[in-house]
Each structure stands twice: as structure tokens, then as C-alpha cells.
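1. coords please:
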Amino acid sequence: MRIIFLCIFLVLSGCVAVPPGVQSPKADIVLVEKSQNKMYLFQNGEILREYDVAFGLNPVGHKRQEGDMRTPEGRYLIDYKNYNSKFYKSLNISYPNAQDLARAQARGVSAGDDIVIHGMPNEIGDYRGPIKPRNWTQGCIAVRNHEMDELFALIDVDIQIEIRP
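-> Purely as a prediction, here's the structure:
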């Protein structure tokens, strides 16, 4: 019995890969804490995984317009997976929503779009060094490529993502 619990612990902690044919646990919500440069995957209220992440060059505050280098804040959906990104792979975030569009329109600017969780630039490859504290994206959320592979396995399309300040 102890061996079974040990195996389950090692798989859930990420120390051991899930064998082919065995269903891995799926996240039911993604939470991003910009002030901590952290992203968490939750399943049934429990943290399933934790990642260090990088944001836009201007990380403080909600994205207001195209080109402001900010990562949006609020509730969105992961609405599709891109297997052929310029940044290894990516998970599209449903930004802008109706409120984002209305705010930008009221200011006479474009809200911008194409906000994703992505891996490293393809020319860098599978970088394994520290990803924080430097923020370097144009408003996206960046992780390492091997973490992107994990996210693709743990996140289904239409999952909610909440991005907090």
C-alpha cells in the first residue's frame, strides 16, 4: 500500500512522468499572480502545479491598449492550443473580452489581442535556466518549453484562467 501512495505522490509532484496510457490529473482552473511572477494550476481547490513565469515588459496594471507591454488582469478562458507557435507552443487567452473592447473603444485605441501562455522563442530552444525575475514578453505569460509540454497535458481548452495583479 505504501508503494502505491509513493507512486501517486511522485507522479503528482512532477518527479516521475505519467506512463503512457495512464490518465494524468487535469487542472480545472489556472490562477496567475502577477505580483509574485507565479502561475498555479488547481484541481478541486488543491494546487496541482506551480510555475515561475515572465510577463510583459510593463507588468504593473491591466492591459489597456495594444503595445502597452502589459499582461491583462481578470477572468478569461484558454480557448485554443497552438502547436506551431513562434514561442514553441502556446495556449491562447480569450483577451480581449467585451469589457476590454469597450474600455479601449472609449479611449479611441485598440485593445490589442494575441495574448497567450507560451514557451521560449524557437531560436533559443529548450532553455532550462531561471525565467524570473526578468519580464520580457509583449504582454504574454512565458514559461520554459518543458513546462509548456506539461501545461498542454494538464490543461484542456475552455478552462478558466484568472490573472490577478
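
2. does anything pack onto the longest strand along the chain? Which helices or strands?
-> Ranked by residue count under DSSP state E, the longest strand found in the chain is strand 74-85. On a contact count with 3 or more Cβ pairs under 8 Å, 6 or more residues apart in numbering; DSSP states H and E, strand 74-85 meets strand 88-93, strand 116-118, strand 160-164. Backbone N, C-alpha and C define where each C-beta goes, glycine included.

3. elements contacting the longest one?
-> Helices and strands touching strand 88-93, by 3+ Cβ pairs under 8 Å, 6+ apart, are strand 74-85, strand 116-118, helix 145-154.

4. ok, which of those comes nearest Tyr51?
-> Smallest distance to Tyr51 across those (Cβ to Cβ): 5.6 Å, for helix 145-154.

5. can you list the buried residues in the closest one?
-> Using 16 or more other Cβ atoms under 10 Å as the test for burial, helix 145-154 gives Asn145, Glu147, Met148, Glu150, Leu151, Leu154.

6. mean confidence score for that helix?
-> For helix 145-154, the per-residue pLDDT values average out at 96.

7. if we can go back for a sec, output the helices and strands packed on strand 88-93 as JSON lines; include the columns distance to His62.
-> What follows is the helices and strands packed on strand 88-93, written out as JSON lines (distance: least, Cβ to Cβ, whole Å):
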{"stretch": "strand 74-85", "distance to His62": "7"}
{"stretch": "strand 116-118", "distance to His62": "17"}
{"stretch": "helix 145-154", "distance to His62": "23"}
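
8. these: which one's closest to Ile124?
-> Of the helices and strands packed on strand 88-93, nearest to Ile124 by Cβ to Cβ is helix 145-154, at 8.7 Å.

9. next, the angle from that closest one to strand 74-85.
-> Relative orientation of helix 145-154 versus strand 74-85 (axes from the mean of the first three to the mean of the last three Cα atoms, to 10 degrees): 110 degrees.

10. re the thing from before, how about a markdown table for the buried residues of helix 145-154, with distance to Lys86 added?
-> Putting the buried residues of helix 145-154 into a markdown table (distance: Cβ to Cβ, whole Å) gives the following:
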| residue | distance to Lys86 |
| --- | --- |
| Asn145 | 13 |
| Glu147 | 17 |
| Met148 | 13 |
| Glu150 | 20 |
| Leu151 | 17 |
| Leu154 | 23 |
